[in-house]
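Colleague: got a predicted structure here, sequence first:
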Amino acid sequence: MKFILLYGPQAVGKMTVGQELEKLTGLKLFHNHMTIELVNQFFDFDSESFQRLVNMFRHEIFEEVSKSELSGLIFTYVWAFDQQEDWDFVEKICEIFESKGAEIIFVELESPLATRLERNLTPHRLALKPTKRNLEQSESNLRITHEQHRLNSRPGEINRKSYLRIDNSELTAQQTALLIKDAFGL
């Protein structure tokens, strides 16, 4: 089994690249908004209930997939490198899969803020992420998060054997997915 952690800032293209990678490899995509959108129907994003339920659903899905006969999972995530709880979360999910013998692959996407602001408005993103449809709020959140957190790693900070960093600002999602597929022989 393979566990691919596909991470980067908001609107960098994680979900869309993940969808293309899923088509190319047959690995299942679990994009982070699958749980966000579900739980947001009941609780506000900043509430304790929201955070607890999102984390619980993700954890249970990771546990079940890690024990399954699936060939692997692609999970998308916005990793704030300046937040210890994000490091802890990544370590915890990797341990779930590593304990079952899965190969862990880290793929980091990066694009400039201007590119991400454009991508934040795409119909595909808005169709699958209802919480992003309030464009003023979504853009504000993207800008604030960009200013307040470090959403890409520093050189040498990720020391995993299976790690790839891609500036996908000039690449299509399919081109990016092909780079990932080829880099890891998926």
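Modeller: Great, that's in hand.
Colleague: name the residues that touch stretch 96-112?
Modeller: Stretch 96-112 is contacted from outside by 1-9, 12-14, 17, 59, 62-63, 66-67, 72-73, 94, 119, 152-153, 158, 160, 162-169, 176, 180, 184, using CB atoms under 8 Å, 6 or more residues apart in numbering. Glycine gets a C-beta too; all of them are placed from N, C-alpha and C.
Colleague: so which bits of stretch 31-41 are buried?
Modeller: Within stretch 31-41, the residues that count as buried by 16 or more other CB atoms under 10 Å are 31, 32, 33, 34, 35, 36, 39, 40.
Colleague: just the closest of those to residue 86, please.
Modeller: Nearest to residue 86 among those: residue 32, at 11.9 Å, using CB to CB.
Colleague: tell me the confidence at that closest one?
Modeller: The predicted local confidence for residue 32 comes out at a pLDDT of 89.
Colleague: give the other helices and strands that the worst-scoring helix or strand of the chain on mean pLDDT contacts.
Modeller: When the helices and strands of the chain are scored by mean pLDDT, DSSP states H and E, helix 123-128 comes last with a mean of 76. Packed against helix 123-128 by the contact rule (3 or more CB pairs under 8 Å, 6 or more residues apart in numbering; DSSP states H and E) you find helix 14-25.
Colleague: which elements pack onto the helix it packs on?
Modeller: Looks like helix 14-25 contacts strand 2-7, strand 28-30, strand 72-77, helix 123-128, helix 173-184 (3+ CB pairs under 8 Å, 6+ apart).
Colleague: for the helix or strand just after the least confident helix or strand of the chain, output the C-alpha coordinates as CSV.
Modeller: Sequence order places helix 135-148 as the next helix or strand after helix 123-128, per DSSP states H and E. C-alpha atoms of helix 135-148 as CSV (Å, rounded to 0.1, in the frame of the first residue of the first chain):
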residue,chain,number,x,y,z
LEU,A,135,-15.6,34.5,-2.6
GLU,A,136,-14.9,37.5,-0.5
GLN,A,137,-14.5,35.3,2.7
SER,A,138,-12.5,32.7,0.8
GLU,A,139,-10.0,35.2,-0.6
SER,A,140,-9.7,36.9,2.7
ASN,A,141,-9.0,33.6,4.5
LEU,A,142,-6.4,32.6,1.8
ARG,A,143,-4.6,36.0,2.2
ILE,A,144,-4.7,35.9,6.0
THR,A,145,-3.4,32.3,6.1
HIS,A,146,-0.7,33.2,3.6
GLU,A,147,0.4,36.1,5.8
GLN,A,148,0.2,34.4,9.2
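Colleague: who touches the closest residue to residue 83 other than its chain neighbours in this structure?
Modeller: Distances taken as CB to CB, 6 or more residues apart in numbering place residue 149 nearest to residue 83, at 6.8 Å, with adjacent residues excluded. By CB under 8 Å, 6+ apart, the residues touching residue 149 are 80, 81, 82, 83.
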